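Q: with the sequence up front, the predicted model follows.
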Amino acid sequence: MTFEARETEGLRFPFTPRRPGELAPEFGRLRKEEPVARVTFPTGDSAWLVTGYEDNRIVLSDPRFSRAATTLPGAPRLQPIPPDPASMFSMDPPEHTRLRRLVAPAFNNRRMAALRPVIRHEVDLLVAGLAVAGPPADLVSQFARRLPITVICELLGAPAGDRDRIAGWVDILLSLTQFKPPQVAQARQELKRYLAELVAAKRENPADDLYSELIAVRDSGDLLSEEELIVLGATVLTGGFLSTASEIALSFLCLFRHPDQLERLRQQPELLPSAVDELLRYNALTAGGGLIRVATEDVKLGGVTIAAGEAVLPAISSANRDPGVFSDPDRFDLTREDNPHLTFGQGIHYCLGARLARIELELALEGVLRGLPGLRPAVPLDELRAQGGHLVRGLPELPVTW
Ligand code: HEM
């Protein structure tokens, strides 16, 4: 496949939301007027931005939109460095199917149910720490980031003392403009070097964790290469930390903006599962949504022809507000019943950690609201800044009191 020379076309992407966690107004306009629109990324590359629900489902699941092709030399890029071809994030079948089959059992219902008490215990510890220290506190650094990095490191088998370092690497790896390409490349290299050492240590001393299991698979046949084994760890860490941390922070922010619904959730914790899905639908978590794809042949979509070699970005947060699918889509309603949001994607790359993320969110909301009655923002909400320059857009801080 060959790629056209770079030229600046269409709107500059990403757009800037008016307030943190909200959908930038451009998405609604494009969904109505130009559902598949030309945009230019900070790298200078152009792509088609897809804003409607049905078109998003197609981009996420149609094999003519390839993830593997995004790793080819010269392929259009959203992020500062090309995706890692050894990650299942950027593979097509059959390679993707092979890796996914190996790792999926670690995320099955039984495993996730077994993790529940571990996560609840961690939530209780963090909440108790906040309660003992007393208000005010920063809900981002003291809770929202701590919980998912702890859970994901436990799952993988990374030592507690390494959590901050790992979180720091993931922050850099998910940057759009905050870090320069050499810094991002260095972070990837350092994380991979770290994981290679972790694999070596676990070969010596296996434990009851995902990495030890995968090492056993690797060493018992030729199903998994050493590079794939290392990159799997990086994939799980990059997939599982910042997204969940930012979603937890944005969820509290959203509830603070809707105090009547926050109160209702306090009174009726049985609403938590539907509240979690509504928060996942409503919060505009990322700059776009899904990962970019490259068309492997000409594809007609939304009234345009996407030529082979061109990039497509599924704007999932925009799909989640499509009035053709969600009634009164810009209304946050934690009792919403029919909620087929696309926040975890669709098709073969459907988020491997979706169950885990839901459990973390539910227990985080439940634990904090129960353990810190009277929780409220400690600053006017309009003063809060969004996390800029990142693919995942959380909050740098969320000062709270109770
Ligand atoms: C609120 C939290 C989360 C959100 C919103 C989220 C969202 C997503 C989305 C949209 C995709 C598909 C991307 C695409 O096809 O373009 C995805 C894939 C993935 N996610 Fe998540 N995720 C979350 C949490 C997690 C967690 C906790 C883990 C792991 C422990 C995880 C691991 C993964 C992996 C490994 C993939 C790649 C799957 C594949 O390529 O087959 N995610 N996630």
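A: Cool, the structure landed.

Q: what pLDDT does residue 27 get?
A: As predicted, residue 27 sits at a pLDDT of 97.

Q: likewise for residue 351?
A: Predicted confidence (pLDDT) for residue 351: 96.

Q: that one contacts residue 357, doesn't it?
A: Yes - counting by Cβ atoms under 8 Å, residue 351 does reach residue 357; the two are 7.1 Å apart. Where C-beta positions appear, they are placed from N, C-alpha and C, glycine not excepted.

Q: shared neighbours of these two, anything?
A: residue 344 (Cβ atoms under 8 Å, 6 or more residues apart in numbering).

Q: who has more neighbours out of these two?
A: The residue with more neighbours, out of residue 351 and residue 357, is residue 357; 23 against 17, by other Cβ atoms under 10 Å.

Q: helix or strand for that one, which one?
A: helix 354-371 (DSSP states H and E).

Q: buried ones in that helix, by neighbour count?
A: Neighbour counts over helix 354-371 (16 or more other Cβ atoms under 10 Å) mark 355-369, 371 as buried.

Q: ok, residue 152 - contacts?
A: Shown in contact with residue 152 (Cβ under 8 Å, 6+ apart): 236-237, 240-241.

Q: now it: how far from the ligand?
A: In this view, residue 152 and the ligand are 5 Å apart by Cβ to the nearest ligand atom, to the nearest Å.

Q: per-residue pLDDT, that residue?
A: Listed pLDDT for residue 152 reads 95.

Q: repeat for the one 10 residues further on
A: Among the per-residue scores, residue 162 holds a pLDDT of 96.

Q: what about residue 53, neighbour count?
A: 23.

Q: nearest spatial neighbour of it, skipping sequence neighbours?
A: residue 322 (3.8 Å; Cβ to Cβ, 6 or more residues apart in numbering).

Q: residues contacting the one you found?
A: 31, 52-53, 329.

Q: go on, residue 350?
A: residue 344.

Q: for the ligand, what is the nearest residue in the stretch 251-400 of the chain?
A: Proximity to the ligand, evaluated over the stretch 251-400 of the chain using Cβ to the nearest ligand atom, is greatest for residue 353 at 2.1 Å.

Q: dump the residue contacts of that residue.
A: Taking Cβ under 8 Å, 6+ apart, we find residue 353 in contact with 107, 236, 239-240, 244.

Q: hmm, try it at 7 Å
A: Shown in contact with residue 353 (Cβ atoms under 7 Å, 6 or more residues apart in numbering): 107, 239-240.

Q: what's the distance between the closest residue to residue 92 other than its chain neighbours and residue 317?
A: Nearest residue to residue 92, sequence neighbours excluded (Cβ to Cβ, 6+ apart): residue 68, at 4.3 Å. For residue 68, the distance to residue 317 (Cβ to Cβ, to the nearest Å) stands at 25 Å.

Q: those two - which one has more neighbours?
A: More crowded of residue 68 and residue 317, by other Cβ under 10 Å: residue 317, with 29 against 18.

Q: pretty sure that one sits against residue 21.
A: No - in this structure, residue 317 is not within contact of residue 21 by Cβ atoms under 7 Å, at 10.0 Å.

Q: which residues do those two both contact?
A: Contact criterion Cβ under 7 Å, 6+ apart; residues shared by residue 317 and residue 21: residue 284.

Q: which helix or strand in this protein has the lowest average pLDDT?
A: helix 210-219 (a mean of 88; mean pLDDT, DSSP states H and E).

Q: CA atoms only for the helix or strand where residue 262 lies, dumped as CSV, please.
A: Element membership for residue 262 (DSSP H and E) is helix 259-267. The C-alpha trace of helix 259-267 is given here as CSV (Å, rounded to 0.1, in the frame of the first residue of the first chain):
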residue,chain,number,x,y,z
PRO,A,259,-26.5,17.5,41.8
ASP,A,260,-30.1,16.2,41.6
GLN,A,261,-28.9,13.0,40.0
LEU,A,262,-25.9,12.8,42.4
GLU,A,263,-28.4,12.9,45.3
ARG,A,264,-30.6,10.3,43.7
LEU,A,265,-27.6,7.9,43.3
ARG,A,266,-26.8,8.4,46.9
GLN,A,267,-30.3,7.5,47.9
